[in-house]
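A.B. asks: Need the 3D shape of this:
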Amino acid sequence: MAGTVRDTTGAIIPGASVTLDGGETTQSGDAGQFRFACAAAGQHDLQVSATSFAAKDIKVHVPQPKTELVVILQPEDVTTSVNVGEDSGNEVNAAASGTSQTIAGDQLSTLADDPDDLKRELQQLAATSGGLAANTTITVDGFQSSAPLPPKSSIAYIKVNPDLFSAEYRQPPFDGGRVEVYTRPGQSVFHGALFTTNGSPWMNARDPFSTSRAALGKQRYGFELNGPVRKKGSDFALTLEHRTIDNYAVVNAITLDDQGNQQNTIANVAAPQQLWLATARLGWQLNEKNTFTTSYNGNVNHSQNVGVGGTSLAETGYSSGTYDHTLRLLNVTTVSPKLMHEARLAFDWTGETDVPSATTPQVQVAGAFTSGGASIGQQRLHTFEIEADDDAILSTAKHLLKIGTQFKMYNVSDQLTTNFNGLYTFGGGSAPVLDASGNPIPGQTEIISGLEQYRRAKLGLAGGTPTAFNNVTGTPQVNFTQVRNALYIQDTWKVRPKLQIAMGFRYYLQTSPLTMNGATPRLGIAWSPDKKEKWQLHAHIGLFTGQYGTSDYQELQREDGVHRITSTVYNPIYNDPFDGATVIHSIRQASPHLQNITYVIDNLGGTHTFPHGWSVNTDVYWGRIWNYTRTLNINSPLNDNPTGPRPIAPNLNILQAANSGQGKANVEFFGINQHELKHLNFFFGAVRVDLIDNTNDDTFFTPQSSRTDAGEFAPRNGQGRWQIFGNGMLKLPEKLQLSTNLQVQSGIPYNITTGFDNNGDGNFNDRPQYAPAGDPNAIPTQWGLLVSSGGIGAFPRNAGRTPWTVHMDTNIERKFQLNNPKADHPQSLTFNVRSSNLLNHENVTSVGGVLGSPLFGRPYAADNGRRVEAGVRYSF
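C.D. replies: Take a look at the predicted model:
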């Protein structure tokens, strides 16, 4: 028999006394967990008590179902009448799915200590829902806004992909998973820790595309302290952490020397980082029914040479300073043993200041290199966010009802200097054939690459005119306020002990832009068909909405055509682009009938428990998406000539965000779990994602043509078809503990383009075509013979696939007790060695996708190679 002890806020209670049938007694550990190794089959009495909490008696049946046994203690002196069910975990759960898991105790200790590595591992675990790892929402202590991770040592437990069909949540499962982090309360006696880790250059592998080793390492150190503020009823917790990361970016580009000769440019560019992380938490029991918690989280970071790497040369980099300061207030009121009220209020100040290494116009040579100043310019971003959540939870013998509202307000004040320095594009295309002296041969043309086009511009030869020049002028200041609000109600109805029904309804609306079509009902059912509840089956169906973030509205304002003017010149004079040129202007706007994205998702799955701690689970999702937002140029030229006739106004691109997109999804998940072996526990699973849309899940995605969707329905960028994942812990002799996390992903899609704007609509994302028979310009590829223009057929979007990636992180540690571990102030010393990408697998992130360019079809950038760091932690 195993379970976890928590308080009414969901926080873990360590040191609680747990007694089985009035006899054997144990204490909950640091993660609130307890375990009785030998509990006979049948019903048992469990008595749980802890300082400052009312004792609780429940009845528990053995063997336990897979759902977690959670004992919730009320504050002291509050009379409780216990309803066994939701707390005891003895019944099926309509909120459960195979992708859900709770990480605490030993399993939590297997995860990385470094916040960046921990975030990556949690994102990968959340990707079991079928969403992109990068789209994972991470929340802290029940607040809804995504937040930076606190130090791992302050975390009590983590929920990965809780009931994603609950009306409490907006985001659909395959659009991004969810990670909920809950921090520890302070303790009744003083405890703390000092820690440090170090990773030195000799311990780490070089980058896969670097030809030499570079200074690469990490130093991390900090302290923790928590304990009582007064003798009873209040506590505090403090942490402070600093990281110095000696990193570097690898440039792997094709450039030209002064004579115009092609050369490989491979360079290591230092990209150091300085990061500070601080947290403070104060808990106060105001009276027998009210518990108040306030917390502060601060992140202040500075990075250099951001944006450098791959085909981007060192001069394109910029230094970046960011900050994130969050103040959270939480009050939990136990109105009665059956009714609880939660009120949350948060203030979040975030900002970023970027200073480019150069301010000259940027030069993009398609598929070869990017030089010049950073396109973002000297920008400053400031956002002030207010979040206010209010929930009421009512528990009866048959129902668990939760009603709440989630309010957010964002005040944005940005200085957006994107493209104020200007951008030259060399995309290649048709050009005169040159003789040996560099003179054009009359009547002869050929298709040249962007690099050859740049070479001719550099040497003053015919055909060296840039494809286009683009810049923005005006005032960079963008200010606005966005308000979001959601109302929801969620009820879990225990029809009978082996049958539950979950019903929910959510309504979401927002401003900037205004959308009000956010009514989304949800329904779930769970059933255990066998007497011993070894089988648990569940099904869900629900509607979901998307949302328009502040970055979406920010981009609409950035190119409004009034305060900021976006200009494009085709075939400009290099270094004097507006001389005698016809200027094409571009504006962004939202459709007057803009609505929110709408998803409908079905889910069917189940879990089967086997003897000796084995279980398997599977889930299948089907999804359909309407009102998908994407951007079309509704005033594109009618004859593919940028200066040609247009339907609305001459020489103007009107980029309108509208609901013209659609999509569908099919996701299958399978997992196997072992949690009872004495020396080994592990989880292993796989998810297959078949998600097709014509928007790339991007409000400002534009198809290659505004007049046809031919070839546009395709997988999203970054979405591999298969993901295989696992984590495990092995107890070795001499009290050594080995843990590992594995993440394998099939190749991610990338687009194949020509490098230039074939149809003059202002979007340089045109794809090649299949070559007609006998075309001398045909280029052989794995997809057949292709040409940049003048071909036949529609070449599909995102046809390329990168190689498979394999990330394996491992940690081995040994803990030494320095005194009695049951003392009020136990002391210990823990040593560990951790490695990320232990296999040193070449995890490619970029492959050349510009047809005919020097890097076409070649990988040129990858994730870090193997990283190793050693650490020591003194706890008292």
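
A.B. asks: Low-confidence stretches in this protein?
C.D. replies: Scanning the chain for pLDDT under 70 picks out 8-12, 29-31, 51-53, 65-68, 74-92, 94-98.

A.B. asks: In the sheet, which residues pair with residue 727? Tell me.
C.D. replies: Beta-bridge partners recorded for residue 727 (DSSP bridges): residue 683, residue 741.

A.B. asks: all numbers from here: first residue = 7
C.D. replies: Yep, numbering from 7; the last one is residue 733 now.

A.B. asks: Hmm, it is touching residue 749, no?
C.D. replies: No: Residue 733 is beyond contact range of residue 749, at 9.4 Å (criterion: C-beta atoms under 8 Å). For every residue, glycine as well, the C-beta is placed using N, CA and C.

A.B. asks: Find residues that contact each of those two.
C.D. replies: The overlap between the contact sets of residue 733 and residue 749 (C-beta atoms under 8 Å, 6 or more residues apart in numbering) is empty.

A.B. asks: Show me what counts as buried in the lengthiest strand in the chain.
C.D. replies: Determined from DSSP state E, the single longest strand within the chain is strand 658-680. Using 16 or more other C-beta atoms under 10 Å as the burial criterion, the residues of strand 658-680 that qualify are 659-669, 671, 673, 675-680.

A.B. asks: same check, this time on stretch 168-178
C.D. replies: Residues 168-178 are the ones in stretch 168-178 that count as buried (16+ other C-beta under 10 Å).

A.B. asks: about what we covered before: tell me what the longest strand of the chain is packed against?
C.D. replies: In this structure, strand 658-680 packs against strand 589-596, strand 620-639, strand 686-699, with contacts taken as 3 or more C-beta pairs under 8 Å, 6 or more residues apart in numbering; DSSP states H and E.

A.B. asks: again, 10 Å this time
C.D. replies: Secondary-structure packing of strand 658-680 (3 or more C-beta pairs under 10 Å, 6 or more residues apart in numbering; DSSP states H and E): helix 556-564, strand 570-576, strand 589-596, strand 604-616, strand 620-639, strand 686-699, strand 728-737.

A.B. asks: Out of these, the one nearest residue 790 is which?
C.D. replies: Checking the helices and strands packed on strand 658-680 against residue 790 by C-beta to C-beta gives strand 686-699 as the closest, at 22.0 Å.

A.B. asks: Which other helices and strands does the closest one contact?
C.D. replies: Contact here means 3+ C-beta pairs under 10 Å, 6+ apart; on that basis strand 686-699 packs against strand 107-110, helix 111-115, strand 620-639, strand 658-680, strand 728-737, strand 742-751.

A.B. asks: in the protein, which spans are helices?
C.D. replies: For the chain, helices defined by DSSP state H occupy the ranges 111-115, 121-132, 456-465, 556-564.

A.B. asks: how much does the longest one deviate in direction from strand 686-699?
C.D. replies: It stands for helix 121-132. Counting by axes from the mean of the first three to the mean of the last three C-alpha atoms, to 10 degrees, helix 121-132 lies at 70 degrees to strand 686-699.

A.B. asks: Give me the buried stretch members for helix 121-132, please.
C.D. replies: In terms of neighbour count (16+ other C-beta under 10 Å), helix 121-132 has its buried residues at 121, 123-132.

A.B. asks: burial of residue 800, as a residue count?
C.D. replies: Residue 800 has 16 neighbouring residues, counting by other C-beta atoms under 10 Å.

A.B. asks: same deal with residue 487?
C.D. replies: 14.

A.B. asks: Find the nearest non-adjacent residue to it, please.
C.D. replies: Distance criterion C-beta to C-beta, 6 or more residues apart in numbering; nearest residue to residue 487, sequence neighbours excluded, is residue 417 at 5.2 Å.

A.B. asks: Then residue 529?
C.D. replies: Once flanking residues are discounted, residue 529 sits nearest to residue 547: 5.4 Å by C-beta to C-beta, 6+ apart.
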